[in-house]
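J.: Please work out how this folds:
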Amino acid sequence: MLSVNGIHKSEQTIEKSRFLTYSSHVEGEEEARDFIAMVRSEHPLATHVCYAFVADKLGNLQRFSDDGEPSGTAGLPILDAVKKSGLFETCVCVVRYFGGIKLGAGGLVRAYSSSAAQNIAGAEKRDWRLCRMLSLTVGYGEFDALQTFLSKQNCEGKGTDYLDRVTCQVAVRSEETERFCAALVDYLNGKVQIFKKEEFFYPFPLAM
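T.: Numbers count the residues shown, from 1 in each chain. Purely as a prediction, here's the structure:
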């Protein structure tokens, strides 16, 4: 599941109107509404705060608002930009400060669509995958080899504890868990303890 990571802001000016766009990862409608409220609170004097979101992992929870713009000229174009980008659990808000020149229906559609698309293109994105948390324990003599192994894998480090032995917490995509564990045992000649922990969704970098 592809989604934006964190909050991204962009801005463009069209016919003297300022369009400030914000995007954020949201999990559920409540988080989306909270994000919209936050944007509104930062722009109490804005002419319009239009938005759209796909707030679930399946694309079923979709909402949008024109916030006073002519019907169909703001919220729906923003939603289309989100959907065309293949994003889920994503909310996009476009704040407009009217500059005195009317854009017309077509001009508004293009302005809101381009503002959303521009923001999404510049936002950091992550691949949210079901993953397994693994606890890997080795002796200090094997720690360098473990680090070398991990640097070559599709995994994300989640912390290291240095006690009498070294324990690394690592998130691995669930479908790769068995292959990862077998390869690690082979690489370290069995000198590793592996504890499989809970499964959860984790935002892996797209490069991985």
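
J.: What residue spans form the domains of this structure?
T.: 2-123, 129-205 (automatic domain parsing).

J.: so what's E142 up against?
T.: E142 is in contact with 188, 191-192, counting by Cβ atoms under 8 Å, 6 or more residues apart in numbering. Placement of C-beta: from N, CA and C, glycine included.

J.: Deepest in the core, which of the domains of the chain is it.
T.: Across these, averaging neighbours per residue (mean count of other Cβ atoms under 10 Å) puts domain 2-123 on top, at a mean of 19.

J.: how near is S114 to G107?
T.: In this view, S114 and G107 are 11 Å apart by Cβ to Cβ, to the nearest Å.

J.: which helix of this protein spans the most residues?
T.: Using DSSP state H to define each element, the chain has its longest helix at helix 104-122.

J.: what lines up beside the next helix or strand after that helix in the sheet?
T.: Going down the chain from helix 104-122, the next helix or strand is strand 125-138, by DSSP states H and E. When pairing is defined by DSSP bridges, strand 125-138 lines up against strand 2-4 (antiparallel), strand 166-173 (antiparallel), strand 193-205 (antiparallel).

J.: hmm, who's touching the first one?
T.: Right, strand 2-4. With contact meaning Cβ under 8 Å, 6+ apart, strand 2-4 is reached by 23-25, 85-90, 120, 123-128, 203.

J.: Dump whichever helix or strand comes after that strand to CSV, restricted to CA.
T.: From strand 2-4 onward toward the C-terminus, using DSSP H and E, the following helix or strand is strand 7-14. Extracted in CSV, the C-alpha atoms of strand 7-14 (Å, rounded to 0.1, in the frame of the first residue of the first chain):
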residue,chain,number,x,y,z
ILE,A,7,3.4,16.1,6.2
HIS,A,8,4.4,17.8,3.0
LYS,A,9,3.6,21.4,2.0
SER,A,10,3.8,23.1,-1.4
GLU,A,11,2.5,26.4,-2.9
GLN,A,12,1.7,28.0,-6.2
THR,A,13,0.2,31.2,-7.3
ILE,A,14,-2.4,31.3,-10.1
